[in-house]
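**Student:** Have a look; sequence and predicted model below, questions after that.
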Amino acid sequence: MKELQQAVAKAYAQHAQAHGGRNADYIPYLADVPPQLAALAVVTAEGEVFSAGDADFAFAIESISKVCTLALALEEKGAAAVRSKIGASPTGLPFNSVMALELHHDKPLSPLVNAGAMASVSLIEADSAEARWQKILDCQRALGSDAVQLSAEVNQSEQTTNFHNRAIAWLLYSAGFIYGDPMEACDVYTRQCSTLINTVDLATIAATLAAQGINPRSGKRVLKAQNVAPILAEMMMEGLYDGSGEWAYTVGLPAKSGVGGGLMAVVPGKLGIAAFSPPLDKHGNSVRAQKMVAQLAQDLGFNLFNA
Ligand code: GLN
């Protein structure tokens, strides 16, 4: 295990201060997060933890929350129902694309872009916005850790600027792909993006997926084993939006990014990796997090297509 700690320290040292990218600024809160922050963490399927850098710093989970809500929808509805309503295809377009809806009239394509994520929220069984939100928060905590919490500041920053997402929700609704009130789906989606999580707890979500649905730090089964493969397939196809193809080609691990600067990757059966640093590339993926995770995966020989 000394080898893992050394590999984490090396990948962090090599790329934690890499140049390039800019903080997201369409959400005011994200523009002000110190851009020099960086962290890398590994949680194994046995629950061992290795980290380097600002691994305790809690940042906005953003789009990585889409994986948790997808997981919850799969638990409640099963894979066939979720796939028929939300899709399982790469969009090849930015995460907030409206065009993806226009081009494909039969469904939103992927639960890991904004349109499909809001449709996923509306699929969760609940009789009020609060109940829906509580289930989603509980799922983020069960997959990661109880330390995950809503940030009133991030939420306020997003709820007062999320006009584009509200438009997507109404478009979905008009096409019949929101299974409830569209503004409630958008509100709860915005809240799920506004939780704070640190890099070790993010790696724990990835480790729970690596361990077939059992959170290796709490020891609790969170997901049915059969629901893990569909989640990893979606992550492989769309986890880094229009950067997903290049990521699959060069790294070969299912992963998910968020505009808060977080990134998690799963090595099935073995471990979860997470990295964080705010500056993003043009697709909305953290520049340094991608470099750190790619380096670590390469040094440890993890590529699903190279087993
Ligand atoms: N809350 C953000 C949004 O909906 C999340 C986007 C992301 O992380 N890619 O725009």
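**Tutor:** Looks like it came in fine.
**Student:** Give the burial count for residue 111, as a bare number.
**Tutor:** Per other Cβ atoms under 10 Å, the neighbour tally for residue 111 reads 30. Bear in mind the C-beta positions are built from the backbone N, C-alpha and C, glycine included.
**Student:** Is it in contact with residue 121, as I believe?
**Tutor:** No. Counting by Cβ atoms under 8 Å, residue 111 sits too far from residue 121 to count as a contact (9.8 Å).
**Student:** where do the contact lists of the two overlap?
**Tutor:** Listed as contacting both residue 111 and residue 121 by Cβ atoms under 8 Å, 6 or more residues apart in numbering are residue 69.
**Student:** just for the stretch 101-250 of the chain, where's the confidence low?
**Tutor:** 102-105 (pLDDT under 70).
**Student:** And for the strand or helix carrying residue 172, what's in contact with it?
**Tutor:** Using DSSP states H and E, residue 172 falls within helix 163-175. The set of residues external to helix 163-175 that reach it, using Cβ under 8 Å, 6+ apart, is 96, 98, 101, 105, 108, 114-115, 118-119, 178, 182-183, 185-186, 189-190.
**Student:** For that helix, buried residues please.
**Tutor:** Judged by neighbour count (16 or more other Cβ atoms under 10 Å), helix 163-175 contains these buried residues: 165, 166, 168, 169, 171, 172, 173.
**Student:** what secondary structure does residue 184 sit in?
**Tutor:** Of the three states, residue 184 takes helix according to DSSP: H, G, I helix; E, B strand; the rest coil.
**Student:** ok, and the closest non-adjacent residue to it?
**Tutor:** Take residue 184 and drop its neighbours on the chain: the residue closest to it by Cβ to Cβ, 6 or more residues apart in numbering is residue 129, 4.8 Å away.
**Student:** Might you report the residue contacts of that neighbour?
**Tutor:** Neighbours of residue 129 in contact, by Cβ under 8 Å, 6+ apart: 184, 187, 188.
**Student:** Now which of those would you call buried?
**Tutor:** Among the contacts of residue 129, those buried by neighbour count (16+ other Cβ under 10 Å) are 184, 187, 188.
**Student:** got CSV for those, with distance to residue 275 too?
**Tutor:** Formatted as CSV, the buried ones among the contacts of residue 129 follow (distance: Cβ to Cβ, whole Å):
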residue, distance to residue 275
184, 33
187, 30
188, 27
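**Student:** which one is residue 64 nearest to, not counting chain neighbours?
**Tutor:** Leaving out its chain neighbours, residue 64 is closest to residue 258 (Cβ to Cβ, 6+ apart), at 4.3 Å.
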